[in-house]
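[1] Quick one: sequence plus predicted model below, questions after.
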Protein chains: 2
Amino acid sequence: MQENGSNTRKVTTLSDVAKLAGVSIATASKALNGRAQVKAETRERVVSAAEQLNFSPNVLAQHLLSGRSGTVGLVTHDLDGRFSIPTLMGAEDAAGTGNMSVFLCDARGDSLREQFHVQALLGRRVDGLIVVGARPDPRPSLGRKLPIPVVYAYAPSTDPRDMSIVSDNVGGGRLVAEHLLACGRTRIAVVMGDPGYGAAHDRVTGAVQAFDAAGIGMLGGQALYGSWSEEWGRTAAGIVLAQHPDVDAVLCGSDQIARGVLDTLRESGRRVPDDIAVSGYDNWELLALNARPQLTSVDMELETLGRRAAARLFEAIDGTPISGTETLSARLVPRGSTGPLPSTGQHTAARS
Amino acid sequence: MQENGSNTRKVTTLSDVAKLAGVSIATASKALNGRAQVKAETRERVVSAAEQLNFSPNVLAQHLLSGRSGTVGLVTHDLDGRFSIPTLMGAEDAAGTGNMSVFLCDARGDSLREQFHVQALLGRRVDGLIVVGARPDPRPSLGRKLPIPVVYAYAPSTDPRDMSIVSDNVGGGRLVAEHLLACGRTRIAVVMGDPGYGAAHDRVTGAVQAFDAAGIGMLGGQALYGSWSEEWGRTAAGIVLAQHPDVDAVLCGSDQIARGVLDTLRESGRRVPDDIAVSGYDNWELLALNARPQLTSVDMELETLGRRAAARLFEAIDGTPISGTETLSARLVPRGSTGPLPSTGQHTAARS
DNA sequence: CTGAAAGCGCTTACAG
DNA sequence: CTGAAAGCGCTTACAG
C-alpha cells in the first residue's frame, strides 16, 4: 500500500539501464551524456531504456568523480526576519539557473551554531558558502582558511579581504531626503530606529548630505533615535508635533516607524501628505501598501542583493578571485504619503 | 592572497590521514569511526593525524556506500510568506538534531517548477521530501510512485493515503469564539478573509459551533467575507457598526483584518475592549504586538507543525509506514484587545 | 563505435 | 589488532 513508507524500492542504476539496452555501462554513460562516439541507434536504445526505468543518475556518484558537489550552503541568521528571506530567494534563483542546489542552515545569531553548520556543510563538500546576516552591521569573518569561497550578504564581514555584498544605507537616506526636498518640504524631522544599528546612522548621514546640499538643516537639528517599532513611531511623532508644530515632513527609519507616525498624525488631525509628508524605509509591502495613505519607501532590493551574492560566489567557484565590499543602490518607491505641498497654502499649522 | 578564490587547495582525504599516521586506510577508517578492533595507541595516532590535517570525511562518498544521503528536500511555495518559514524552521530544527541537512527549493506556486525541483532532489538522492504549501487548501499529490517518503505540511495532499500535517482551523475558530463568549460577549460579528480559502470557512464553522453551544447566533446571522487585508478590516468594521451599532465583539479571520477593524473602531470612538472586543488570527507578532491594544489572536504553532512533519518523515525514512492527515491544535493567545465587559455597563451604544 | 579497466573517497567483511 | 580487496554508482582515458 504505502509503497514509499520504507526505502525498500530499489533505485534504478546505470547498470540496470545498460543491461536493458544490451550495452556496457560505459556505453550507456556516454549515450546518456551526449558523448559523440556513440551510434545514433545505440543512443536511442539506451535513452529509451533509461526512460522506461525512470532512471535518474546518482548525482552523488557523479560528483565524487568531478570533485564538485553542485551545492552551496546558505547560512542565515534571520530565518524569521524579512531581510534574509529575499536574499535567500535571490540566491536560490541564481543557483537554480545552473544546476546548483542550496542547503539552508539557520544559525540563529549563534556563532557556535554557525560553526557547527559550516563544518557540516564542508563535510558535504559544498562548492561555496553564502552567509546572510540578520542586521546590516559588520560581522566576524569565518576566516580565510576555508577550502571554498565565501560571500557575505547583507551583513558584511569585518575582514575587507572577504567578499561582501551590502545595501547602500547612506545612499538610501540621501535618496528619500532628496525626494522630500523635491516635494518642496523644508521642515523635515528625522525619526530613526535603534541607534545600536549602523544602518540607522548611515541613513541619517545620507539624509544630512541631501539637506546640506539644499542648504537647509534637519528640523530640530538632530535625528530622534528609538527602536524599529510602530510604538516608537507614535511616540516620536508626538514629540515632533509638540516641539515643531510647523513640521512639513517626517523621514522615518523604517516602515514600521512610519506606520506609527501616520497613526499619530491622523489622530492629531494632520493630513498626509498635504500638511505633512511621511516616508518609510524597507518597502515592506505588508506595511507600506496597507497604510493610509500608502507609504513612500526605500527598497533595498534584497533579492537583487542575494542574486548578486550568488553570482559572485559562482564566479569564485569557477576560479575568479573575489574580494572587497560591493554596495548595492537602494531604490525610491514613491506612493501617496509624499507629494508636493498644496500650491494654495503654506504649511498649515495644527488643524484639529 | 585570496586563497579560496579557486578550488585549487586540495582537500585532505582519508588516505592522507592514513599515510601521516602510518597505517592502512582501512585502519584509519575504523579508528576514526570508533570501531572496536583498533589498538588505543593506533587510534590516537590516527585521530591526531586527522586533526592535524583538518580532515573532514567526504560525506558524499560515505553515502554512496550507505545508500542514504542524510539529506531531505524541502519544497516550498511561499518563501516570501509567513506560513512556510516557521514550518521550515521547525523542519530544520528536527533535522538538525540528527545529521540531516535540508535542501531548500522555492517552487513559487508553479507545479512545473515543483516537478523540476523534485526531479533534481531525486537525483541528489535525498532521503525524503517535505512539501510546504502557501495556503491551507488541499493540493495535488506528487503521486505514489516516488522512491522516497513525502510529507505535506500546512497544505495537505488531496490523496488521503499521503501523509499530511495541517493546522486545525475549525478548532481555532471555536477556541477564539469560546473565549469571546467567556468574556461575556453576546453580539459577536465575524469578519473573515477571502472566501476562496477553505480555512476561512473552517474558522467560521468552528465559531458557529461555539455560538450554537452557547445558544446564541452570530451577529447579523452570517460572516462577512472579503480579503485578508487591513483595508477590508476597515471597511467591514464600518459595515458592522452601521448595521449593528450594539455589536460587542468582532471575531476576525486574520491579524491583518483585525488591525483594520481596530483602526475603524478607534476612529468611530469605540473603546477596545471595553465597548467592543476584537480578536485576530495567526498571532503574527509584528501585527499583534504593535496593535493598540495588543491583539488577542490564535497561534497555529507552525513551527511545531514543521517539526512534526520532519519527525514523521524521519520515521518513514526509518521504515515506519506513514499515512493520513494529522491535525494540529491551535492555541489561543489572549491579549489586551479582549476582556470581560466592564461590570458597570451594558454594551454602550455609539459614543463618539 | 564499443567495452574492460581504473579510479573518485570511503566502509566493510574477510584473511592474516 | 591490522591490511588487502571488493564495492557503492558513475565517468573517462585507453584499447580494440
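    Happy to help now that I have it. Just so it is clear, the model here is predicted, and its values are computed rather than measured.
[2] Can I get the lowest-mean-pLDDT helix or strand in chain A in PDB? Just the C-alpha atoms.
    The weakest-scoring helix or strand in chain A, judged by mean pLDDT, DSSP states H and E, is helix A:84-97 (a mean of 81). The C-alpha trace of helix A:84-97 is given here as PDB (Å, rounded to 0.1, in the frame of the first residue of the first chain):
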ATOM      1  CA  SER A  84      17.400  37.100   4.900                       C
ATOM      2  CA  ILE A  85      14.400  35.700   3.000                       C
ATOM      3  CA  PRO A  86      14.500  37.800  -0.100                       C
ATOM      4  CA  THR A  87      18.300  37.500  -0.100                       C
ATOM      5  CA  LEU A  88      17.900  33.800   0.100                       C
ATOM      6  CA  MET A  89      15.300  33.800  -2.700                       C
ATOM      7  CA  GLY A  90      17.700  35.700  -4.900                       C
ATOM      8  CA  ALA A  91      20.400  33.300  -4.200                       C
ATOM      9  CA  GLU A  92      18.200  30.300  -4.900                       C
ATOM     10  CA  ASP A  93      17.200  32.000  -8.100                       C
ATOM     11  CA  ALA A  94      20.700  32.400  -9.300                       C
ATOM     12  CA  ALA A  95      21.600  28.900  -8.200                       C
ATOM     13  CA  GLY A  96      18.600  27.400  -9.900                       C
ATOM     14  CA  THR A  97      19.500  28.700 -13.300                       C
END
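[3] buried stuff in that helix?
    Buried residues in helix A:84-97, counting neighbours by 16 or more other CB atoms under 10 Å in any protein chain shown, are found at A:84-96. Using the backbone N, CA and C atoms, a C-beta is placed for each residue, glycine as well.
[4] try stretch A:220-237
    A:220, A:223-230, A:232-237.
[5] same thing with stretch A:289-301?
    Buried residues in stretch A:289-301, counted by 16+ other CB under 10 Å: A:289-292, A:295-301.
[6] Equivalent analysis for stretch A:195-203, please.
    A:197, A:199-203.
[7] can you put those residues in JSON lines and add secondary structure, pLDDT and distance to chain B?
    Output for these, formatted as JSON lines (DSSP: H, G, I helix; E, B strand; the rest coil; pLDDT from 0 to 100; distance: CB to the nearest CB, whole Å):
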{"residue": "A:197", "secondary structure": "coil", "pLDDT": "96", "distance to chain B": "18"}
{"residue": "A:199", "secondary structure": "helix", "pLDDT": "96", "distance to chain B": "19"}
{"residue": "A:200", "secondary structure": "helix", "pLDDT": "97", "distance to chain B": "19"}
{"residue": "A:201", "secondary structure": "helix", "pLDDT": "98", "distance to chain B": "24"}
{"residue": "A:202", "secondary structure": "helix", "pLDDT": "98", "distance to chain B": "23"}
{"residue": "A:203", "secondary structure": "helix", "pLDDT": "98", "distance to chain B": "21"}
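[8] ok, those residues vs residue B:207, which is closest?
    Within the buried residues of stretch A:195-203, the smallest distance to residue B:207 is 42.1 Å, found for residue A:197 (CB to CB).
[9] isn't residue A:142 right up against residue A:130?
    No. If you go by CB atoms under 8 Å, residue A:142 and residue A:130 don't touch, sitting 11.2 Å apart.
[10] joint contacts of those two?
    residue A:150 (CB atoms under 8 Å, 6 or more residues apart in numbering or on different chains).
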